[in-house]
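Engineer: Starting from these lines, generate the structure:
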Amino acid sequence: MTEWGSLARSTRWGAKLNTVDYMRDAVFFQGPTVRSQQTRFWLLLILASSIATAGIVSNSTATVIGAMIVAPLMRPIQGTMLATVLGDRRNLINSVLMMVAGATAAVLVGFVLGLIVLQDVTAATNPQVAARVSPGLIDLFAALATGIVGSIALIRSDISDTLPGVAIAISLVPPLCVVGLTMESGAWGEAFGALLLFVTNVAAILATGSIIMAIYGFSKLRLLEAPDLEAERRRRAKSYITTAVMVLIVAGPLTYSTTQVVINRDRVTKVEDFVADATAGTKWSIVSVTQLQDRKIHVIVKGEPPLPDVENVYAQMRADGLDVDDITIEFIPSYSFDSTGVIVSDS
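Structural biologist: Below you'll find the predicted structure:
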């Protein structure tokens, strides 16, 4: 048995590391039982995708969590990471193909199940979708953290490798199901946002996994057996650069999305303040201020006439630099009556 296949040692922190053979068996599709491994992967993936899609459509967080437990998509992603570190070209190709095929299958399950849903499933109608179509930098930070947990759990034998996988799966299969659902509904922009969330988590897992492997010394194992040390180092450098570029590529759209969220939130706050000032001391009160698609803002106010000075509200917002063409204020008269038909309150 090779040195890098049988390695199992304790670190300076006293933690015993799993052998490379153990990690290979955990994340690669190989060995005499490869057919049953693949069958199990596809069965669990289809079930997880179906459960996640059903949970998203019904807005059931508990059902989506059930899909996280079943989802097996973390295995080929970690397989891609480990194969990159070990320089295992064959398993790298196999893991990437399984990852891409699995992601495509999850999208197709979401799309097909979306065909039987009467109402379009979009961010405007479903909070589960809305939570996954506008990823920001915070999602990247969360993915980096969970990627570290998953990688450490794979390396160290004293940490369970089941719970971290469940924690990471939340950002893998559900977004892919959202991609399928929103594609079927014709919301291509939202589908791209959900796909960006998935790609963000994949890139973060690969990046953090490579770093953790290097910290624990596993990245040196391939170098020990390489016939051409310099060529292997160059190949390793290219792999790390590729992973870093992936993270930077997804960081761009995430930064833009985060910036837009901050800008839109500031606009909503300003509009709410202007309307609140205009209705202060009147019998009108704000019910809701909603950010709609295409940057439009809809304000609902209820109360009793007379109306406040609406023209002055719009003039103040225009003077503050807000695009008033995107702002709609809806006033809804509200009265309360007793059993005799007499008004008992004004709003």
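Engineer: what about Ala101, how many neighbours?
Structural biologist: 14 (other Cβ atoms under 10 Å). Using the backbone N, CA and C atoms, a C-beta is placed for each residue, glycine as well.
Engineer: how about the residue nearest the centre of the chain, what does it touch?
Structural biologist: The residue lying closest to the centre of the chain (Cα atoms, centre = their mean) is Leu197, at 4.0 Å. Neighbouring residues of Leu197 by Cβ atoms under 8 Å, 6 or more residues apart in numbering: 132-133, 135, 139, 171, 175.
Engineer: same thing but 7 Å
Structural biologist: 132, 135, 139, 171, 175 (Cβ atoms under 7 Å, 6 or more residues apart in numbering).
Engineer: would JSON lines of those with distance to Val149 be doable?
Structural biologist: As requested, the contacts of Leu197 are exported to JSON lines (distance: Cβ to Cβ, whole Å):
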{"residue": "Arg132", "distance to Val149": "21"}
{"residue": "Pro135", "distance to Val149": "19"}
{"residue": "Asp139", "distance to Val149": "16"}
{"residue": "Ser171", "distance to Val149": "12"}
{"residue": "Pro175", "distance to Val149": "19"}
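Engineer: any idea of the mean pLDDT in whichever helix in the chain runs longest?
Structural biologist: The longest helix of the chain (DSSP state H) is helix 229-279. On average, the pLDDT along helix 229-279 is 77.
Engineer: Which SSE is immediately downstream of that helix?
Structural biologist: strand 285-291 (DSSP states H and E).
Engineer: Output the contacting helices and strands for that following strand.
Structural biologist: helix 229-279, strand 297-303 (3 or more Cβ pairs under 7 Å, 6 or more residues apart in numbering; DSSP states H and E).
Engineer: Extract the C-alpha set from the shortest one and format it as CSV.
Structural biologist: I take that to be strand 297-303. The C-alpha trace of strand 297-303 is given here as CSV (Å, rounded to 0.1, in the frame of the first residue of the first chain):
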residue,chain,number,x,y,z
ILE,A,297,-42.6,50.3,-4.6
HIS,A,298,-46.3,49.9,-3.5
VAL,A,299,-47.5,51.6,-0.4
ILE,A,300,-50.9,50.7,1.2
VAL,A,301,-52.4,53.2,3.6
LYS,A,302,-55.7,52.8,5.4
GLY,A,303,-57.9,55.2,7.3
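Engineer: List the buried residues in that strand.
Structural biologist: 297, 299, 301-303 (16 or more other Cβ atoms under 10 Å).
Engineer: quick one: which of the residues you listed is nearest to Asn59?
Structural biologist: Ile297 (24.2 Å; Cβ to Cβ).
Engineer: thinking again about what came up before, which of the contacts of Leu197 lies closest to Asp266?
Structural biologist: Pro135 (19.7 Å).
Engineer: Is it correct that that closest one falls within a helix?
Structural biologist: No. Pro135 is assigned coil when assessed by DSSP: H, G, I helix; E, B strand; the rest coil, not a helix.
Engineer: Around it, how many other residues sit close by?
Structural biologist: For Pro135, using other Cβ under 10 Å, the count is 27.
Engineer: hang on, isn't it packed against Ser257?
Structural biologist: Yes. If you go by Cβ atoms under 7 Å, Pro135 and Ser257 touch, sitting 6.2 Å apart.
Engineer: which residue ranges form the strands in the protein?
Structural biologist: Taking DSSP state E to define them, one finds strands in the chain at 285-291, 297-303, 327-333, 336-337, 343-345.
Engineer: Reformat those into TSV and put mean pLDDT next to each item.
Structural biologist: Converted to TSV, those look like this (pLDDT from 0 to 100):
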stretch	mean pLDDT
strand 285-291	86
strand 297-303	90
strand 327-333	89
strand 336-337	68
strand 343-345	58
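Engineer: Most tightly packed of those?
Structural biologist: Of all those, strand 297-303 carries the top mean neighbour count, a mean of 19, counting by mean count of other Cβ atoms under 10 Å.
Engineer: Now do that one against strand 327-333, angle only.
Structural biologist: 20 degrees (axes from the mean of the first three to the mean of the last three Cα atoms, to 10 degrees).
Engineer: show me the contacts for Val100.
Structural biologist: Per Cβ under 7 Å, 6+ apart, neighbours of Val100: none.
Engineer: CSV please, covering the helices and strands packed on strand 285-291 and showing distance to Ala48.
Structural biologist: What follows is the helices and strands packed on strand 285-291, written out as CSV (distance: least, Cβ to Cβ, whole Å):
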stretch, distance to Ala48
helix 229-279, 23
strand 297-303, 37
